[in-house]
Structures are given as C-alpha cells and as structure tokens.
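A.B. asks: Whatever this is, show me its structure:
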Amino acid sequence: MNGARQYRRGAAFELRVRDKLKDHGYFAARTPGSKTPVDVTGVRADGVLFIQCKRNGKLAARDWNELVRLAASVNATPILASIPESGRGIALYRLTGEKPARSRTQPREPFTLAAEEARTA
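C.D. replies: Model prediction:
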C-alpha cells in the first residue's frame, strides 16, 4: 500500500475514533501530523483519554511506553484503538503498564466507553 493511501486510511480511522468519543459525551480532538504519542484526546467530566490509533493494533514498545508515561504525568487514561479481528467497529484497550522491549506481551485490558459512563452514574 502506498504512503498516501495508508495515511488516508489511518486518518479516516482516527476520525472514526474521535466521532465515537463525541457520541459518548466526550469533547474529542484529533491531532493530525503531531508526531506525538496521542492521536485523539477525549475529555469528559469523569476524565481524560489519550488515544493512540493503530488499525492493526500493533504499537512498538517505545511508543507504548511513551504514551503510558505521558498519560500518567497528567492523570489521563492511555488507550490503544484498533480495528477488531471482525474487521468492523473500533476496539479500545486501556494500557495497564509499560511494555517490555522486544516482547509480544501487551499489558492491556479491554476498555468500553459505556463502562466509564456507568462509574459516574
């Protein structure tokens, strides 16, 4: 896949993630081309989400750890957004810790926006 097409597909996925957050009551903003660990930020009364969007769900340990550390420094929740194996929708995972270099271990757990809402109800 050429670079321009890959960028458009990634950008479209980021917009879908942003829109999903908006649908769940977040103020959500995409930061295109920022070269930071955060592609989408979601802010709601119950907290802040820092989201890295990877269609394939693969995030290098260095980038993973940078997101975890940045989120911890401001009390935000680090999230990885990907496309589920079914090929439809958006899968969200809360990063629960740092990822060892060259490891297949991914310290994460499923994250649902509805569950976050239930905590504040």
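A.B. asks: can we go C-alpha only for contacts and neighbour counts from here?
C.D. replies: Noted.
A.B. asks: Let me know the distance separating the most centrally placed residue in the chain from G3.
C.D. replies: Taking CA atoms, centre = their mean, the centroid of the chain lies closest to I51, which sits 2.7 Å from it. For I51, the distance to G3 equals 22 Å [CA to CA, to the nearest Å].
A.B. asks: And for G57?
C.D. replies: As for G57, its distance to G3 is 19 Å (criterion: CA to CA).
A.B. asks: Name the SS class of A81, please.
C.D. replies: Of the three states, A81 takes strand under DSSP: H, G, I helix; E, B strand; the rest coil.
A.B. asks: G57 and G3: who's more crowded?
C.D. replies: Each of G57 and G3 has its neighbours counted (other CA atoms under 10 Å); G57 has more, 16 against 8.
A.B. asks: quick one: contacts for that one?
C.D. replies: Shown in contact with G57 (CA atoms under 8 Å, 6 or more residues apart in numbering): 80-83.
A.B. asks: Would you mind checking which of these is nearest to K20?
C.D. replies: Distances from the contacts of G57 to K20 were compared by CA to CA; the smallest belongs to A81, at 11.1 Å.
A.B. asks: The longest helix along the chain - contacts with which helices or strands?
C.D. replies: The helix spanning the most residues in the chain, taking DSSP state H as the definition, is helix 3-23. Counting contacts by 3 or more CA pairs under 8 Å, 6 or more residues apart in numbering; DSSP states H and E, the secondary-structure elements packed against helix 3-23 are strand 27-30, strand 40-44, strand 47-53.
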